[in-house]
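>>> No sequence on hand, only this structure:
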């Protein structure tokens, strides 16, 4: 009579005749989960929307507005491109709500906690996909903007900061919405509701027209709300002149801090379930 010895499975190792789990590092685990999110996005078509979404929205605003704007001698593609990229960050954050909600409903968190990986890995995997999605949006938005006249006139350092600021904006908002989607009973409804403030923030900003184009009573809000702050800073970086990163950096730090706090709170709420 012969006996067979079971081979160790993934995440386990043989120790003295017993099977013990081996831990997987956060980098390897995050890369695996991020790859799964990217593949899921490819299958669902979200990758295509990430690239073409900014193109469609750019044309929707550019076609009806550019002639009137350019009567003053300005290049509307140069003016419009930053808000299109920021709007892509808003849509990425809304999508993150649905992704986190789907994972919560499907019991992904519970399954991940049974594996020898850090607790934060599922969140890191989703945020890795957010970064990839923002890079895809940058490619689409800058591509259509460049074809219609947008240019980086500053140094390579200014261009790099421009791109980093766009990605940080989308990432910070996605951290907040990921936390909301994780604990929400109906993340799809929450994502739909979030479409309203994103529309208000885009339309009531300096992203489409200067603040002077709004009524006097609305101009203080228009100038100082975050979409305007980021859009104005991105224009300065693209031009390479008059750059003041103070306000945009403050908003970025505040949003990242709020997102981190929200993720911690959502994680604790999941543990208590």
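Looks like it arrived, so ask away. Predicted, not measured: the structure shown is a model, and the values here were computed from it. Residues are numbered from 1 along each chain as shown.

>>> which residues of the stretch 151-273 of the chain score low on pLDDT?
Scanning the stretch 151-273 of the chain for pLDDT under 70 picks out 269-273.

>>> can you give me the helices for it?
156-183, 187-203, 219-224, 226-239, 246-272 (DSSP state H, counting those that start in this stretch).

>>> Redo those as TSV? Include distance to residue 95.
Just so you know, the C-beta spots here come from the backbone N, C-alpha and C atoms, and that holds for glycine as well. TSV is the format used below for the helices of the stretch 151-273 of the chain (distance: least, C-beta to C-beta, whole Å):
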stretch	distance to residue 95
helix 156-183	8
helix 187-203	8
helix 219-224	27
helix 226-239	18
helix 246-272	15
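
>>> Those helices: which one's closest to residue 147?
Closest approach to residue 147 among those is made by helix 226-239 (15.5 Å; C-beta to C-beta).

>>> What angle do helix 187-203 and that closest one make with each other?
60 degrees (axes from the mean of the first three to the mean of the last three C-alpha atoms, to 10 degrees).

>>> Distance from the chain centre to helix 226-239, please.
17 Å (C-alpha atoms, centre = their mean, to the nearest Å).

>>> same question, stretch 120-140
On C-alpha atoms, centre = their mean, the centre of stretch 120-140 falls 6 Å from the chain's centre.

>>> picking up where we left off before, now the helices of the stretch 151-273 of the chain in JSON lines, with distance to residue 68 and mean neighbour count?
Shown next, in JSON lines, are those (distance: least, C-beta to C-beta, whole Å; neighbours: other C-beta atoms under 10 Å):
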{"stretch": "helix 156-183", "distance to residue 68": "26", "mean neighbour count": "21"}
{"stretch": "helix 187-203", "distance to residue 68": "16", "mean neighbour count": "15"}
{"stretch": "helix 219-224", "distance to residue 68": "18", "mean neighbour count": "14"}
{"stretch": "helix 226-239", "distance to residue 68": "19", "mean neighbour count": "22"}
{"stretch": "helix 246-272", "distance to residue 68": "28", "mean neighbour count": "15"}
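
>>> residue closest to the middle of this protein?
residue 170 (3.1 Å; C-alpha atoms, centre = their mean).

>>> Could I get the contacting residues of that one?
Contacts here follow C-beta atoms under 8 Å, 6 or more residues apart in numbering; on that basis residue 170 touches 88, 89, 90, 92, 93, 130, 133, 134, 137.

>>> ok, it to residue 132 distance?
Per C-beta to C-beta, to the nearest Å, residue 170 is found 11 Å from residue 132.

>>> if we can go back for a sec, can you say which of the contacts of residue 170 are buried?
Burial by neighbour count, 16 or more other C-beta atoms under 10 Å: within those this picks out 88, 89, 90, 92, 93, 130, 133, 134, 137.

>>> Please identify which of the residues you listed is nearest to residue 209.
residue 90 (18.5 Å).

>>> Does that closest one touch residue 205 like I think?
No. Using C-beta atoms under 8 Å, residue 90 is not in contact with residue 205, being 11.2 Å away.

>>> looking at it, residue 138 is touching residue 85, isn't it?
Yes. With contact defined as C-beta under 8 Å, residue 138 counts as touching residue 85 (6.4 Å).
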